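Student: Predicted model follows, preceded by the sequence.
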Amino acid sequence: MTFDINVILDQMPQIISGAGVTLLTWIVGTICAVIIGFFVAVGRRFGGMLLDKVLGFAVAILRGTPFLIQIFLVYYGGPFIGLSLDPIPAGLIGISIYGAAYYSEIFRSGFLAVPKGHIEAGVCVGMTQGQIIRRILLPEMTMLVLPPSLNMAVLLMKETAVLSIITVPELTATLSAIGAQQYAFVEALSVLALFYWVLVEITGRLGNVVETKLTRFRFFSA
């Protein structure tokens, strides 16, 4: 057996299409997860004990069950409640909800790490809860939550491979099909591993740049 790169080159249009779907589901799903997770964290922090308990229970379920099971329930269980979704929308919903549970805990930890005295000072000068969140909590917690947020983004990137189970035509599904058709599993899986490795490296380097700029801004502002 030999490593035949021509098998990959001949199927490059399909591979590029699969990579595009992977990037789409990852980027859109991560953005939605961040937004949902932030509002869940705000609700748990400022919404009272009852809302905190309800949201905390939902987060515990999502964090305590495998993503594979969740995506099966979204795609195959949806019709039981009248929700019939195509693979890509189902994948986006699954990634968003799964990631939101983790991002909510990241943001909640960031909120709790802000000194209470800073919040009390905002209350003393007459700030509303919205102003406290925008002017005190968000700026101070950004640096705290950035590293774990980037790590979570990388994890969600890798979870996109699971979407091939519900026939989302992302890169894992595409290369698996090419490997099966051409009997070139080594070539296909090598390209898949290289793609994810490069994407992780790019994400990490961009995160370092953003963290450096935010650190300088915080120092300058102080």
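Tutor: Good, I have the coordinates.

Student: count of neighbours near residue 90?
Tutor: Neighbouring residues of residue 90 were enumerated by other CB atoms under 10 Å; the total is 23. C-beta: built from backbone N, CA, C; applies to glycine.

Student: ok, now residue 61?
Tutor: 11.

Student: what's the spacing between it and residue 206?
Tutor: Using CB to CB, to the nearest Å, residue 61 is found at 32 Å from residue 206.

Student: same check, this time on residue 120
Tutor: Where residue 206 is concerned, residue 120 sits at a distance of 36 Å (CB to CB).

Student: cool, residue 42 as well?
Tutor: Counting by CB to CB, the gap from residue 42 to residue 206 is 26 Å.

Student: And residue 2, by the same measure?
Tutor: 37 Å.

Student: So for those two, which residue has more residues nearby?
Tutor: residue 206 (11 against 6).

Student: Can you point out the helix or strand that includes that one?
Tutor: helix 185-221 (DSSP states H and E).

Student: What average pLDDT does that helix get?
Tutor: Average pLDDT, helix 185-221: 82.

Student: host element of residue 108?
Tutor: Going by DSSP H and E, residue 108 is part of helix 87-113.

Student: thinking again about what came up before, what packs against the helix holding residue 206?
Tutor: helix 5-10, helix 12-46, helix 138-159, helix 171-182 (3 or more CB pairs under 8 Å, 6 or more residues apart in numbering; DSSP states H and E).

Student: Minimum distance to residue 72: which of those helices has it?
Tutor: Residue 72 lies closest, by CB to CB, to one member of the helices and strands packed on helix 185-221: helix 138-159, at 13.6 Å.

Student: The closest one to helix 87-113, inter-axis angle?
Tutor: 140 degrees (axes from the mean of the first three to the mean of the last three CA atoms, to 10 degrees).

Student: List the buried residues of helix 138-159.
Tutor: For helix 138-159, the neighbour count (16 or more other CB atoms under 10 Å) marks 138, 140-142, 144-146, 148-150, 152-154, 156-157, 159 as buried.

Student: on that earlier part again, need the helices and strands packed on helix 185-221 in CSV (columns: mean pLDDT and distance to residue 84).
Tutor: What follows is the helices and strands packed on helix 185-221, written out as CSV (pLDDT from 0 to 100; distance: least, CB to CB, whole Å):
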stretch, mean pLDDT, distance to residue 84
helix 5-10, 86, 35
helix 12-46, 94, 19
helix 138-159, 89, 23
helix 171-182, 91, 21
